[in-house]
Each structure stands twice: as C-alpha cells, then as structure tokens.
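Engineer: Curious how this folds, go ahead:
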Amino acid sequence: MPFIRLARAAIVSAALWLAAGLSPAAALDKVSFGTNWVPQPEHGGFYQALADGTYRTFGLDVTIVPGGPNINNRLLLPVGRLDFYMSANTVQGYDAVEQDLPTIVVAAMFQKDPQVLMAHPDAGVTRFEDLKPLTLFVSKEGILTYFQWLKTEYGFSDARVKPYTSNPQPFIVDKRSAMQGYVTSEPYSIELRAGFKPVIFLLADYGFDSYSTLIETRTDLVEKNPGLVQRFVDASIIGWYNYLYGDNAKANALIKQANPEMTDGQIAYSVAKMREYGIVDSGDADKLGIGAMTDARMASFFDKMARAGVVKPTLDFRRSYTLQFVNKGVGKELRRKK
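Structural biologist: From the prediction side, this is the model:
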C-alpha cells in the first residue's frame, strides 16, 4: 500500500505545518545552532530533527555548527553569529546575567545533568559518602561549579582534588581514586580501556539539580520573532522524542559523518544510558514534555549555587530563562513506554 502510506505522510506533514502556523509553500527560515562539543549521541535529538526533516517541516533550514576543544561557540551567540546555542548547564545562564549578555535560556533538553563520579568496583565504594576520602580527578570547570556544591552539601575537601585533563589513566592505575565523567560516555571508555565497569554516582540523583543541554538564544530574537523560537524549540523536542524512542539511524549516520571517531558501540551505550537514567525524559518532563523547565527547579538550583559561593546571592537569576516556549506537552504522543 505505498499510496496509502504516502497519503498518510502527507497528511501528517501538512498538520505539522499548520500547527507551526505555516503553509507548505512558505519559504524556510535559515537558522544556525551551535553545540558545545563535537557531534555525539548526547546531541542526538537535534541531529534527528535535521535528519528526518522535522526542522524543515517546521519551516526551518537548520545548520548545526559543532563545537570542540578549541571551538567556543557560546561566544558567537550574543554577537549574532549564531541564532541558538546548546548550553551545558544552568550555571552558564547565570554567567550571562552576571556579564549582562543579551542571551536567554528557552528550553532544557536534559532534565538531569549527566555528570558522574566514578570509582573502582573493588575499592569498597558503595555509598556516595565513600567517595570523600578518595583522590578526586575533577576538571577546572567542575571545581568551579559542582565541586563547590559537594563541599557545602557533603563536606568534600579541596585537599583530595587533582586536575582532570580528559586522560583517564591516572584514575585507572589508582584504586583509591575517583574520576568525573558523563554517565553516557566515560564509563563505556573506561570499560573498553581498563576492562572493568566503574561504580557510578550520578550527581543529579544526589541533589545536583542543574538542567543540562539547554537551548539558549538572544533576547532580541525572543522579542522580535518568538514564532521562530517556538518552532525551533518544538522541532527540537520532537527530534529528541524520535531519537530516544524511534528510528534514529539517520541521525546517528549524520553524527558519525561529522565525527568519524564516533562508534556504533558508543552510540548504543549513550542512548541506552540516557533512557536508563532518565537524562532527557523524566521528572517534570513526564507531565510537561521534553524541554520542561519550572520556576521551582530554577530557584532550587540557584539557592544551592549561592550557598556554595558559585554565584552571588543577589543575582537576578530569573533573567536567565523564560518558560514562554516550553511545558506545552509537545511530542508526548511519540513517547514509548520507558
């Protein structure tokens, strides 16, 4: 029944165009979206929306501009060289307010920050508190953010910290150490390289309630063209549902094309862990849909960062985000049983 399938596809496509306030004959708006790292499954929903035509269905001609170790795409957003940017965590929004940058967060694709601390399986580490006496390999950015929270909330000590430089070897050879990483990535590489499965502690499950993989844009775009912002957010949300629960082969092909070092094994692991730990689709997203943000969650995290000395208590953190474009339940019908 090829004709019937094509007819159904045409009806669905037309419905999406109408929902976005467009006509099928409308010209596509060119949009640039910068990521904060090289292409990987943790960016999968955006590549999904590009690969399966969702962005085009919403009237958008999207160019994804990958980041990397020597590429800081965030600098390009406030000066107008990018339309949207993938922010790593909520703290970056606070930084924008502190620096009076004309940017604002409009959606949070990750309900949980994927940041973990990993320990050796035979080191007797069974509780989160067991990490405190270990040598901790933490990045410079981690020391300035989540480690300050670890000190105030759990009593971790600066004396136990050594710099993490993306090289896991110091952790591998020291059983009395722990290392930072993403739950979707580093545990897999440790298992391949060292032959053991590390014990994993996801910071989000212990109170570090930052959002992650947020969509950030310029305030002038929100003010002058909110319809375009809404279309980009909605299409990205649908992309994430389809990447997690649908056929993501085309998105993965795009990721591997842009990042030849990416493997099928790493992709499968990352997608499985995003689902297992509810990185994208959990918490408020259960009811409000992927991309969800709430004032209560924002206030909770700000209070923790203020107590930890990461931000000034007087900072007007509410200027860092808007709920205008999220919490509408877009794409929830695409969710499969988790």
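Engineer: Now the element after whichever strand or helix holds residue 222, going C-ward?
Structural biologist: Secondary-structure element containing residue 222, defined by DSSP states H and E: helix 219-224. From helix 219-224 onward toward the C-terminus, using DSSP H and E, the following helix or strand is helix 226-245.
Engineer: in that following helix, what counts as buried?
Structural biologist: 228-245 (16 or more other C-beta atoms under 10 Å). Yep, even glycine has a C-beta here, placed from its N, CA and C like the rest.
Engineer: again, but for stretch 183-196
Structural biologist: Within stretch 183-196, the residues that count as buried by 16+ other C-beta under 10 Å are 183, 184, 185, 186, 187, 188, 190.
Engineer: sorry, back to before: which other residues reach the helix holding residue 222?
Structural biologist: When contacts are defined by C-beta atoms under 8 Å, 6 or more residues apart in numbering, helix 219-224 is touched by residues 83, 102, 103, 104, 106, 228, 229, 322, 324.
Engineer: Is the first one in contact with residue 31, as I believe?
Structural biologist: It refers to residue 83. Yes. At 5.0 Å, residue 83 and residue 31 qualify as touching, with contact defined as C-beta atoms under 8 Å.
Engineer: which residues are in contact with both of these two?
Structural biologist: With C-beta under 8 Å, 6+ apart applied, the overlap between the contact sets of residue 83 and residue 31 consists of residue 232.
Engineer: Low-confidence bits of the stretch 201-338 of the chain, can you list those?
Structural biologist: Low-confidence segments of the stretch 201-338 of the chain, defined by pLDDT under 70, are located at 337-338.
Engineer: so where do the helices sit in it?
Structural biologist: In order along the chain, the stretch 201-338 of the chain carries the following helices (DSSP state H, counting those that start in this stretch): 219-224, 226-245, 249-258, 264-276, 285-288, 295-307.
Engineer: Just put those helices in a markdown table and tack on distance to residue 328.
Structural biologist: Formatted as a markdown table, the entries for the helices of the stretch 201-338 of the chain read as follows, by distance: least, C-beta to C-beta, whole Å:
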| stretch | distance to residue 328 |
| --- | --- |
| helix 219-224 | 16 |
| helix 226-245 | 8 |
| helix 249-258 | 23 |
| helix 264-276 | 22 |
| helix 285-288 | 8 |
| helix 295-307 | 16 |
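Engineer: my guess is residue 160 meets residue 134, correct?
Structural biologist: Yes. Counting by C-beta under 8 Å, a contact exists between residue 160 and residue 134, whose distance comes to 6.6 Å.
Engineer: so which strand or helix has residue 171?
Structural biologist: Assignment of secondary structure by DSSP H and E places residue 171 within helix 169-173.
Engineer: which secondary structure elements does the helix or strand that comes right after that helix contact?
Structural biologist: Towards the C-terminus, the helix or strand next in line after helix 169-173, according to DSSP H and E, is strand 177-182. Secondary-structure packing of strand 177-182 (3 or more C-beta pairs under 8 Å, 6 or more residues apart in numbering; DSSP states H and E): strand 115-119, strand 135-138, helix 169-173, helix 186-194.
Engineer: Out of those, which is closest to residue 286?
Structural biologist: Among the helices and strands packed on strand 177-182, the nearest to residue 286 by C-beta to C-beta is strand 115-119 (21.7 Å).
Engineer: Pull the distance from the closest one to the chain's centre.
Structural biologist: Using C-alpha atoms, centre = their mean, to the nearest Å, we find the averaged C-alpha position of strand 115-119 to lie 17 Å away from the chain's own average C-alpha position.
Engineer: and that strand, what does it pack onto?
Structural biologist: Contacts of strand 115-119 with other secondary structure elements, assessed using 3+ C-beta pairs under 8 Å, 6+ apart, are made with strand 177-182, helix 186-194, strand 199-202.
Engineer: any chance of those in CSV, plus distance to residue 330?
Structural biologist: Output for these, formatted as CSV (distance: least, C-beta to C-beta, whole Å):
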stretch, distance to residue 330
strand 177-182, 26
helix 186-194, 31
strand 199-202, 27
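Engineer: so which of those gets nearest residue 143?
Structural biologist: Closest to residue 143 of the helices and strands packed on strand 115-119 is strand 177-182 (C-beta to C-beta; 9.8 Å).
Engineer: Show me the domain layout of the chain.
Structural biologist: Under the assignment named as automatic domain parsing, the residue ranges that make up the domains of the chain are 2-109+215-334, 115-206.
Engineer: In terms of pLDDT, where does residue 26 sit?
Structural biologist: The score at residue 26 is 73. That number is its pLDDT.
Engineer: any idea which helix or strand carries it?
Structural biologist: With secondary structure defined by DSSP H and E, residue 26 is part of neither a helix nor a strand.
Engineer: what's around residue 81, how many residues?
Structural biologist: When counting by other C-beta atoms under 10 Å, one arrives at 12 neighbours for residue 81.
Engineer: Just say helix, strand or coil for the nearest residue to it once chain neighbours are set aside.
Structural biologist: Spatial nearest neighbour of residue 81, chain neighbours left out: residue 32 (7.7 Å); criterion: C-beta to C-beta, 6 or more residues apart in numbering. Judged by DSSP: H, G, I helix; E, B strand; the rest coil, the three-state class of residue 32 is strand.
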